[in-house]
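J.: Structure for this input, please:
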Amino acid sequence: MGRGADGSALTAPTLIRRNSWSLDRLKSLGDVKDDILVLRHLWFGRKSGADHAARLESFYGPQAAAYDKFRAKFLWGRRPMLAAAAARLRNRNDLIWVDMGGGTGENVDMMADYMSLHHFKAIYVVDLCHSLCEQAKLKVKAKGWKNVHVVEGDACEFRVPEGEASLITFSYSLSMIPPFHDAVDSAVSQLSADGLLGMADFYVSAKYDTPMRQMCWARRFFWRSIFDIDNIDIGPERRAYLETKLERVWEVNNEGSIPWVPYLRAPYFVWLGRPWLDVQKQLSHEQKVEAPALFPPTFLYTQSWEDPEPDMKVMRICPEDTVLTLTSGGCNALNLLLHGAGHVVSVDCNPAQSSLLELKAIAIQQLEFEDVWQMFGEGRHPRIDKIFETRLAPYLSQKAFNFWNTRLWYFKQGLYYQGGMGKLCWVLQCLAVFCGLNMPMKKLANAPTLQEQRKQWDSMALVYFIKHGPRLLVWLFSKVLALLLFNRIVLWFGGGVPAKQYALIKKDGIPIEQYLARTVDGIAENSHLRKSNYFYYNCITGHFLRDNCPSYLREENHDRLQGGLINRLTIATGFFLDELRARKYTKVCLVCGL
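T.: Numbering: from 1, shown residues only. Now for the predicted structure:
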């Protein structure tokens, strides 16, 4: 006894691991107990009292100590709200923040993840519930926050000691304030001219609401009834009233999981507003768009496959031009800006392609070049979760936010192996490894000269077999390959080749496998991948090179785009002809590549 299985004495690290495991297990059991306590009061607790403060105390008092842990797995809108506010305030100092219905002060702790609390001259956590305020005071003392003040009082009656606030937030609190008109009026009256008001809460839509908020009657009835049991009113009136007082800056409507409740996902929203800069301005609402039938749930192209240089020679782009172009991977829309177009409208019927270009545009606006290069040059970024949450998400449209929020793993596995064409490239690379062609393909892509590339290409066994092998065997091999990899389904979902383009190829009387073989052979023999063909270099390697990449990925061009050119870009989701009819254009770029 007292020795390991091999007879050796147990080492200290082994003992530490066992103790750590036991402590972790006890901690986990404690968390479960706390969750059960909170759920018991949520579902079966009685809300009683002579006034609103007493009712809040009867509801939150017994669960105050376990409040933060449970809400961290339930209130999904808090962090996006704080991140969006911090993204717009982090360059300012002497800020005043009032967190209305701030509870235990957890929002202050979370805000520290997005910007230093030293930027705030004063932070006021205002709440009507005594038990939650006591928890907030303990947190302030434990954290050593000198500029954070806990105020036990009514959000409708609180007055900012400094006269006005730079930031006012309602984090899952306005839905619990019955006289919400008074609370909103009070907050708006104390907001500085350059201030922000943020709100995160559960919601249901109106019967007729904006497209991104709209719900069916069953969801409206179900969720409003559920929350009404706890005296929480998640109807559309509060947000609607806010929008009569402030200009909407940013909004996201989403849904999040509920602890210990499988399948159900509660709808929530995040809203950021500011005092009106132009009272005559009309609010626009983002339209809900879906991809046409038979489109995959993601993008088809991660890069634009049309070589922009020949177009630029004949189009003679100038600052007076308004240019319409297809989005695809978005590279060529950005290239048009770099060539001096006064306004570029980029349209695609697939909303995923629009979301890809929007992410590229926001990244160019908000990030340093090295971060942009890692995301779209290397196709990977080790800190993508943090960068997305703090620097990119606060500026994305709802469509793009919802798309990328669940797909950040693209930048961990490799962006250029995602989407339809990316997956096809990945499959072909796997086949190359299986056939022993992995190293020859890498040598082909990195050949220092075109002559070396031709030599490497012609020396590959598979190429030699196709060019010089017995015709019958080559024919059989090509037909099997065409059946498995070059059929209409794979060419559409993997290569982005539309049915009409496929029909045109067949109309020429050339079998698809022969057409593709001729195309690839022509590229290998006549186009130097390492220096002048970043399209196929990317397909083979899964990334670009700094001297062989789309123009927007060059450092000097990043500075130009970030300096203001990117603001000339409009991203539209819809059909090309509809966008063509929507306005006047001086030039239209409609090309297809392979």
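
J.: now the strands for the stretch 101-250 of the chain?
T.: Under the criterion DSSP state E, counting those that start in this stretch, strands of the stretch 101-250 of the chain are mapped to 120-127, 148-152, 165-171, 191-202, 247-258.

J.: for residue 510, helix, strand, or coil?
T.: coil (DSSP: H, G, I helix; E, B strand; the rest coil).

J.: Could you tell me how many residues sit around it?
T.: Neighbours of residue 510 under the rule other CB atoms under 10 Å: 12. The C-beta positions use only the backbone N, C-alpha and C, and glycine is treated the same way.

J.: now residue 442
T.: Applying other CB under 10 Å, we find 14 residues neighbouring residue 442.

J.: which SSE is it in?
T.: helix 438-445 (DSSP states H and E).

J.: Contacts made by that helix with the rest, please.
T.: Contacts with helix 438-445, where a contact means CB atoms under 8 Å, 6 or more residues apart in numbering, come from 429, 432, 453, 456-457, 459-460, 524, 529-530, 536-537, 540-541.

J.: Format the strands of the stretch 101-250 of the chain as JSON lines; extra columns: mean neighbour count and distance to residue 482.
T.: Output for these, formatted as JSON lines (neighbours: other CB atoms under 10 Å; distance: least, CB to CB, whole Å):
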{"stretch": "strand 120-127", "mean neighbour count": "23", "distance to residue 482": "65"}
{"stretch": "strand 148-152", "mean neighbour count": "20", "distance to residue 482": "68"}
{"stretch": "strand 165-171", "mean neighbour count": "26", "distance to residue 482": "58"}
{"stretch": "strand 191-202", "mean neighbour count": "22", "distance to residue 482": "53"}
{"stretch": "strand 247-258", "mean neighbour count": "18", "distance to residue 482": "43"}
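
J.: Is it possible to get JSON lines of these that adds mean pLDDT and distance to residue 386?
T.: Output for the strands of the stretch 101-250 of the chain, formatted as JSON lines (pLDDT from 0 to 100; distance: least, CB to CB, whole Å):
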{"stretch": "strand 120-127", "mean pLDDT": "97", "distance to residue 386": "21"}
{"stretch": "strand 148-152", "mean pLDDT": "96", "distance to residue 386": "24"}
{"stretch": "strand 165-171", "mean pLDDT": "97", "distance to residue 386": "21"}
{"stretch": "strand 191-202", "mean pLDDT": "97", "distance to residue 386": "20"}
{"stretch": "strand 247-258", "mean pLDDT": "94", "distance to residue 386": "18"}
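
J.: want to try JSON lines for the ones you listed, with distance to residue 305 as columns?
T.: Compiled in JSON lines, the strands of the stretch 101-250 of the chain are given as follows (distance: least, CB to CB, whole Å):
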{"stretch": "strand 120-127", "distance to residue 305": "49"}
{"stretch": "strand 148-152", "distance to residue 305": "54"}
{"stretch": "strand 165-171", "distance to residue 305": "45"}
{"stretch": "strand 191-202", "distance to residue 305": "41"}
{"stretch": "strand 247-258", "distance to residue 305": "32"}
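
J.: mind checking which of those is nearest residue 560?
T.: For residue 560, the closest of the strands of the stretch 101-250 of the chain is strand 247-258, at 26.4 Å, according to CB to CB.

J.: hey, which strand is longest across the chain?
T.: Taking DSSP state E as the criterion, the chain has its longest strand at strand 261-274.

J.: and it, what does it pack onto?
T.: Judged by 3 or more CB pairs under 8 Å, 6 or more residues apart in numbering; DSSP states H and E, strand 261-274 is in contact with helix 78-89, strand 191-202, helix 217-228, helix 237-245, strand 247-258.

J.: How far does the second one sit from its chain's centre?
T.: The reference is to strand 191-202. How far strand 191-202 lies from its chain's middle: 22 Å, per CA atoms, centre = their mean, to the nearest Å.

J.: now the angle between strand 247-258 and it, please.
T.: 30 degrees (axes from the mean of the first three to the mean of the last three CA atoms, to 10 degrees).

J.: now swap in the shortest one and tell me
T.: Orientation check (the same axes, to 10 degrees): helix 237-245 against strand 247-258 gives 160 degrees.
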